[in-house]
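J.: 3D model of this:
(2 chains)
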Amino acid sequence: MAQTTAKTTIDVDIGGTFTDCLVYREGRPYTVKVPTTGYRLAIGFMKALRNAAALIGVSTEELLEETEIIRYSTTIAVNTLIQRKGPRLGLITTEGAEDTTIIALASQWLDGLTFRERREVYKAIKPEPIIQRDMIIGVKERVNCFGDVVRPLDEDNFREKLLALVNRGARGFVVCLLWSQANPEHERRIKEIIEEEYRDCYLGSMPVILSTEVLPKRNEYQRSMGTILNAYLHGSMVEELSGMGDELRDLGYNRPLMMVHNSGGMAKVFRTFALQTYNGGPVAGLMGSSYLASLLGYQSVITTDMGGTSFDLGLLLEGSPRFYAFQPVVEHFMVDFTMLEIKCIGAGGGSIAWLNPAIKDRLEVGPQGAGSMPGPAAYNMGGMEPTVTDADLVLGYINADYYHGGRLRLNKDKSIEAIKNKIAKPLGMEVEEAALAIKKVIDGKMGSAVFTETVLRGFQPNEFVLFAFGGAGPTHCCGYTTTAGVPKTIIPPLSPVFCTFGSGNMDIVHIYEKYGRILLVEPMTKRYFSDFGQFNDIIGELTKAAIEELRTEQLPTDKVVFSLDLDMKFGGLLNLLRVHSPRLTLQNEADVKAIYDAFAQEYAKVYSPFAIIPEAGVELLNFVFKATIPRPKLEVPSYAIRGEIPPRDALKGKRPVYWDEYKGFRETNVYGQERLEPGNIIDGPGVVEGEDTTVVLPPGHKLTINKYRCFVIDRF
Amino acid sequence: MRPTWQEILAMLKPEPYPQDELEWGYKIPPGEYEVLIERLQNITLEGQEIFTRSGMTSFLRMGDTIVGILTADGDMSIAWMGLYIHAVTGQPPIKFVMKNWKDNPSVGVKDGDVFYVNDPLYGGMHLPDQFAFMPIFHDGELIAWAIAGTHQTESGGIDPGGFCLNATTRYSEGLKMPPIKIGENFIIRDDMMEMMMHAVRTPRLVWADVRARVTTCDRVRTRVKELCQEKGKETTKGLLRRIIKETEEAARKRIRSLNDGTTRAVIFRETTGDTPAMQRLLCTLHKQGDNLRFDFTGTSPEDESPYHQFPHCVLASVSLSLFAYSFYDLPVSTGTLAPIDVVAPEGCMLNPHPDAASSVSPPLGVAIHSLVNIVLAKLGYDSECRQFMVQADTGQAPGLTISGMNQHGLFVADVLPTTLHGHGQSGHADRDGTDAFGFGYCPSTAKISNVEDDEEDRPVLRLYTTHSIASCGLGKHRGGVGVESAYVIYGTPYVALAVTGTSGSKAALSQGLFGGYPPPPTPVILVKDSNVLELMKNGDPDVPSDRVELLTKRLKGKYLFKGNNLLPTVLGEGDVMVGFCLGGSGYGDVLERDPAAVMEDVRKHIIYEWTAKNVYRVAYDPVTLEVDLECTEELRRQERETRLQKGKPYKEFIKEWAQKKPGEDILASSYGSWPNAGKVREIRRI
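T.: Numbers count the residues shown, from 1 in each chain, chains lettered A, B, ... in the order given. Alright, predicted model coming up:
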């Protein structure tokens, strides 16, 4: 069991629509939701703190005074990117490779698209480059794949080109040379020259960012884009943070402000690259699930977050997130950052149902969503398209008078009208049948995504439990777990603000990556690698860097835990597989074999034993070295177990709900979430209404409330 | 036993729909049907992911693949692209197995069998395109097939790399496998693997890639079986059949929405191998009711070269445009092909004698793709489909195949993807084509490779990779530009280079639409015995970093300007090779292009200033590149006047045009009879 703390902590997740805040004080959680203030995120952030303080009954200053740590995740990176609000940057690359980020591996328009969107070839349009071609210069230099210098750096020529770049208005420089990960000397020298020529850079006004400092990995396009995005987003992040920092300091808070990283850890703000904050909220949800899974004793978990427009899912194995995104894409730009994999598909409460005229009016749901304005037809704000929320309302799953605790009244007639006109009538169905079909399609889509993501990694969904959070997750989880073949579902107690619970349980993690090509197994001869010193020197170098940085940050180096992941592949293949290394250093051939075995085992699991080809040799390309300082975990309150029968006042009443199993409506018990007690059991069919979510329990399902007030749903 | 071309074409139509399967299919209620389709699509996606990540040749690594699920009688129900032609050419071998092997006691079809095929005479495109397929049994009944296919960049032919330019008959093209069983009881037979590896120059690649195909099939098989267990075999079989039926109905509906009529397009090829030639490919599209008939009558006769396609390959090449554009929103299913017919008269290069060499058939497919795009765009421009029935891409590009020892001492034979996968897209009715949009042959997956990918285990050093200036077709909406790359042979004493392309070194392989220009022809440039590595080593500033510098700052060495087809030639370390992946065609009259867009093209190095002045007729300030609108309008008015003066009555034009007959030698060797490209000589193959 992880160590827990009773000190006050604050976790904030700034999402696209809402800013969620979770304050843990004296072992008790306080949650607040306020609208996100996109024009200046600090305003929403501070409002959330003030509201939380008011909820607790103290002043903001008092709350901050007793707060040990503030952690937060943010969407600033996405906003800056979409709005192209970043600075004018210059890109310095190897001569002859100036068009790399413009050509973008040619079919860049595919990156980040779904299967269907990729078939819309006629729509192929690339995003506007972050750095235009006239701000890119080529340096006369060249290194080969072994790191040998083929062409020395022409410094004089570079100085001339640099001047031109500055004259064109560069406010920062990104340096990404070919094979710099194998030999970073030319990149470093370029930085020195810029700093010699423009001393201001040293002060930070014109940052010089080297690709080998940010992303020392093979493949220049992904390395360039990762470095460019960091440089581009850096300014906005600093601006936002300094705003928040100033306000917090004015209120007397001088302790750490930590940022949630998409790699699953957190770090101090100045130790954070902007790209590490991308998707931080959902990753925090994954980490929260990891902690909850350890409390509940689950090893294999699928986490799902169904909101208004999107459905995020992630995987935990042996209680921890192990999967990193394969060629992650940030807003159509492929990067190769180490970020935990969160799959996102366009499916949510606001997803629009429509008939595809090309294929016999086949019913489709999403990916287009109605958004919050005009929103589903039921919002009665002008939306005419039927959505999943409308279907849920027609089927009786959600309560028109108690949506968001009654703060938003729904209009059922509008839902019926939209479904009738757009779906039921053209298909010759009753409105309820059409609504059920909409639900089935969206549940099928999400369930199919859960299934695919699980099996793609070589696992069977029925060996997992599924955590469902987000506003619409509990409403649809029984549907999508049925499609996915997952028998058990957990709805956590803080599901509406679960990402903040996640960040509250994250450790401090620094990641150090290094490219180092090692032939672990020779092709054809299958001989094992024997130069242990080469491997151990790299580990020694990474360890030293980690210790030095932890000391600089005044973090306790005696508590640090090191771990190592390796990116490996069979010889001749393109794609790498990341494997947790069973050894930190190599002492003998048995250690090398242990690493190979771990790789082969994982490979067979993910692909197939057919695909194991040691005859092709095995190459190790990247070292991913992690320094983790464990943090105390939030205490999850536990309660005494009561009887199996819910208290009488928990039953709010009955209403007709449509169940596929009965092919029609049936009067169904409706319970109030807050009134239910640990130990209570409800057999489906049933509905449980909370302030921000509704749990739908179809026939054949059993809901049990455990001592942490988690809802545990079993299908039988 | 080998099927005739007519039989193979028939195999590409859906089998008669079994009534019981349709009933099972239509029993699946709305909601569940859509969910099950999604599930099937995800099964193919899962297969595709496994395939791409576990294979070795560059085609596989870059996604030129297909993974599909077929009915028990061999109709493709749903597939994940990849390369659409494989969705077509993988089907006949399965139907062959069902007809000839299933009940043959010496072969049979059993659970756990693994079949393999690459011979075009059994339905494939050419020998390098290889498929594994496995039957899917449930409760002892064959209910479906799983298939995985991709191009193998070596087939043991007379030339390394699979494209055998020296081949004059099929017997020089390497290992030919009709549909054979290579595995039983879920195990690949070692003797069969040994046979395949023994026959080629790159056993390591073959070993890995055959396994990748089989791994993929097995995963798809497992998943479909799970679906059967869950939903029952009737539902599964019904689902597969219903998809085909509905796709056919949808395709017919879309065709009906187009005007009836006939459209034509013609293109000329200037080479067979590296011999100068002149060949005509003529496509006439007849649209009547819900049928499209692509008639290639008038196409030049077969010859001794390996540039041939068999009729089923022609249909596969036609389907490339259909799946990518006209029917992009329908499942990749054989139902799409039901209303499509192709006509290719016997004896023409698209229906040669079975002994003809055909290892370089894909470049002809690219030519057909161009033709089909044009005739469809002409047909569809006034329809509701005009948005997506566009002239797609020209496909004009050389495949640079290198073979030899790499810098790690291992033998490689592979095509470098960067000169193949960086086409520009053609201009649309409402916008310019996208620059470096991808690979028209495989538009939804293929990418060019990173420099560091190429250089990691291929013996090359990339000198430059750029947007290829002036490579686009001009027009009101210009085509996108393509990608151009220069490589230095590096880290090895020598390699063999073979170039197989679509022609297009002298005559453009495509046409613009409604007055738009085609993209310009391009050569392959070689610099033999160059001093480029010495210049680099010495820190010389004059190492070329683009085409202009390469041609003006002349390296020491022998400059050779070749066509896009080159017989295997030896290049030594330090030799330079340059390939161009061309841009898209233009749409509409150049004089209607927004002058500001023209100057933006100049700023972005898409076109030269010469073009802005002399083709687009734009007047501008040479320093600021600001447009002088008034002057531009006057220049354009004058140009229109000149055009009118040059104009001739149709009869007069034809009279003059008919005089421009090619020489008798070229007609006899490649074009055929004048003007209709009929057969003029016997082809003797030994």
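
J.: excluding chain neighbours, give the residue nearest to the one residue in the stretch 551-686 of chain B that gets nearest to chain A in space.
T.: Nearest to chain A, among the residues of the stretch 551-686 of chain B, is residue B:604, at 6.3 Å (C-beta to the nearest C-beta). The way it works is simple: take the backbone N, C-alpha and C, and place the C-beta from them, glycine included. Excluding the flanking residues, the one nearest residue B:604 by C-beta to C-beta, 6 or more residues apart in numbering or on different chains is residue A:133, at 6.3 Å.

J.: just residue A:320 next, same as before
T.: Once flanking residues are discounted, residue A:320 sits nearest to residue A:290: 5.6 Å by C-beta to C-beta, 6+ apart.

J.: is it true that that neighbour touches residue A:315?
T.: No: the pair residue A:290 and residue A:315 does not pass the contact test of C-beta atoms under 8 Å, sitting 10.6 Å apart.

J.: identify the contacts common to the two.
T.: Counting by C-beta atoms under 8 Å, 6 or more residues apart in numbering or on different chains, the residues touching both residue A:290 and residue A:315 are A:301, A:321.

J.: element containing the residue nearest to residue A:320?
T.: Here residue A:290 sits within helix A:280-296, counting by DSSP states H and E.

J.: what helices or strands is that helix leaning on?
T.: Packing contacts for helix A:280-296, counted by 3 or more C-beta pairs under 8 Å, 6 or more residues apart in numbering or on different chains; DSSP states H and E, involve strand A:8-14, strand A:67-73, strand A:257-260, strand A:301-306, strand A:311-317, strand A:320-321, strand A:465-469, helix A:498-503.

J.: and the angle for it with strand A:8-14?
T.: Following axes from the mean of the first three to the mean of the last three C-alpha atoms, to 10 degrees, one obtains 130 degrees for the angle between helix A:280-296 and strand A:8-14.

J.: can you get me the start-to-end distance on stretch A:377-390?
T.: With C-alpha to C-alpha, to the nearest Å applied, stretch A:377-390 spans 7 Å between its terminal residues.

J.: in the stretch 501-650 of chain B, what residue lies closest to chain A?
T.: Residue of the stretch 501-650 of chain B nearest chain A, by C-beta to the nearest C-beta: residue B:536 (3.9 Å).

J.: spit out the contact partners of that residue.
T.: A:142, A:150, A:151, B:543.

J.: next: residue A:33.
T.: Here residue A:33 is in contact with A:18, A:19, A:20, A:21, A:48, A:496, A:497, A:692 (criterion: C-beta under 8 Å, 6+ apart).

J.: which members of those residues are the farthest-apart pair?
T.: The most widely separated members of the contacts of residue A:33, counting by C-beta to C-beta, are A:48 and A:692 (15.6 Å).

J.: higher neighbour count, the two?
T.: Higher neighbour count among residue A:48 and residue A:692: residue A:48, with 28 against 17, using other C-beta atoms under 10 Å in any protein chain shown.

J.: return the residues in contact with the more buried one.
T.: Counting by C-beta under 8 Å, 6+ apart, residue A:48 touches A:12, A:19, A:20, A:21, A:32, A:33, A:34.

J.: same thing with residue B:324?
T.: Under the criterion of C-beta under 8 Å, 6+ apart, the neighbours of residue B:324 are A:119, A:121, B:84, B:392, B:440, B:443, B:444.

J.: lowest-confidence entry in those residues?
T.: Here the lowest pLDDT out of the contacts of residue B:324 sits on residue B:392, with 67.

J.: measure how buried residue 589 is and give me the count.
T.: Went with chain A since none was named. Neighbours of residue A:589 (other C-beta under 10 Å): 13.

J.: nope, chain B please
T.: Count around residue B:589 with other C-beta under 10 Å applied: 18.

J.: next: the one 4 residues further on.
T.: Applying the criterion other C-beta under 10 Å, we find 26 residues in the vicinity of residue B:593.

J.: residue B:599 contacts residue B:619, doesn't it?
T.: No: counting by C-beta under 8 Å, residue B:599 does not reach residue B:619; the two are 10.5 Å apart.

J.: show me the shaky parts of chain B.
T.: B:392-395 (pLDDT under 70).

J.: and the residue of chain A nearest chain B?
T.: Per C-beta to the nearest C-beta, residue A:444 is where chain A lies closest to chain B, at 2.8 Å.

J.: isn't residue A:151 right up against residue B:534?
T.: No: counting by C-beta under 8 Å, residue A:151 does not reach residue B:534; the two are 10.7 Å apart.

J.: please say which of the two ends up with more neighbours.
T.: More neighbours surround residue A:151 than the other of residue A:151 and residue B:534, with 24 against 12 (other C-beta under 10 Å).

J.: if that one is in a bridge, with which residues?
T.: Legend: beta-bridge partners of residue A:151 under DSSP bridges are residue A:142.

J.: interface residues of the stretch 101-250 of chain A facing chain B?
T.: Residues of the stretch 101-250 of chain A lying close to chain B by C-beta under 8 Å from any C-beta of the partner chain are A:102-107, A:109-110, A:115-116, A:118-122, A:124-126, A:133-134, A:138, A:140, A:142, A:144-146, A:150-152, A:154, A:157, A:178-179, A:218-222.

J.: now, which of those lie within strands?
T.: If you go by DSSP state E, those have A:138, A:142, A:150, A:151 in strands.

J.: which one of those is nearest to residue B:629?
T.: residue A:138 (35.5 Å).

J.: tell me the bridge partners for that closest one.
T.: Where residue A:138 sits in a bridge, its partners, by DSSP bridges, are residue A:93.

J.: count of residues packed around it?
T.: 21.

J.: go ahead and confirm it touches residue B:545.
T.: Yes: shown here, residue A:138 and residue B:545 form a contact pair, counting by C-beta under 8 Å, at 6.1 Å.

J.: joint contacts of the two?
T.: By C-beta under 8 Å, 6+ apart, residue A:138 and residue B:545 have these common neighbours: A:95, A:96, A:98.

J.: whichever of those residues end up buried, select them in ChimeraX.
T.: In ChimeraX syntax, the buried subset of these is picked out as below (16 or more other C-beta atoms under 10 Å in any protein chain shown):
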select /A:95,96,98
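
J.: could you dump the shared contacts of residue A:138 and residue B:545 into CSV and include distance to residue B:172?
T.: Shown next, in CSV, are the shared contacts of residue A:138 and residue B:545 (distance: C-beta to C-beta, whole Å):
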residue, distance to residue B:172
A:95, 43
A:96, 38
A:98, 43
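
J.: and which of the shared contacts of residue A:138 and residue B:545 is nearest residue A:668?
T.: residue A:98 (65.2 Å).

J.: touching, residue A:165 and residue A:138? I think so.
T.: No: applying C-beta under 8 Å, one finds residue A:165 not in contact with residue A:138, separated by 11.3 Å.

J.: and residue A:329, how many residues sit next to it?
T.: A count of neighbours around residue A:329, defined by other C-beta under 10 Å, yields 16.

J.: which residues touch it?
T.: Taking C-beta under 8 Å, 6+ apart, we find residue A:329 in contact with A:111, A:112, A:335.

J.: of these, closest to residue A:259?
T.: Closest approach to residue A:259 among the contacts of residue A:329 (C-beta to C-beta): residue A:335, at 18.0 Å.
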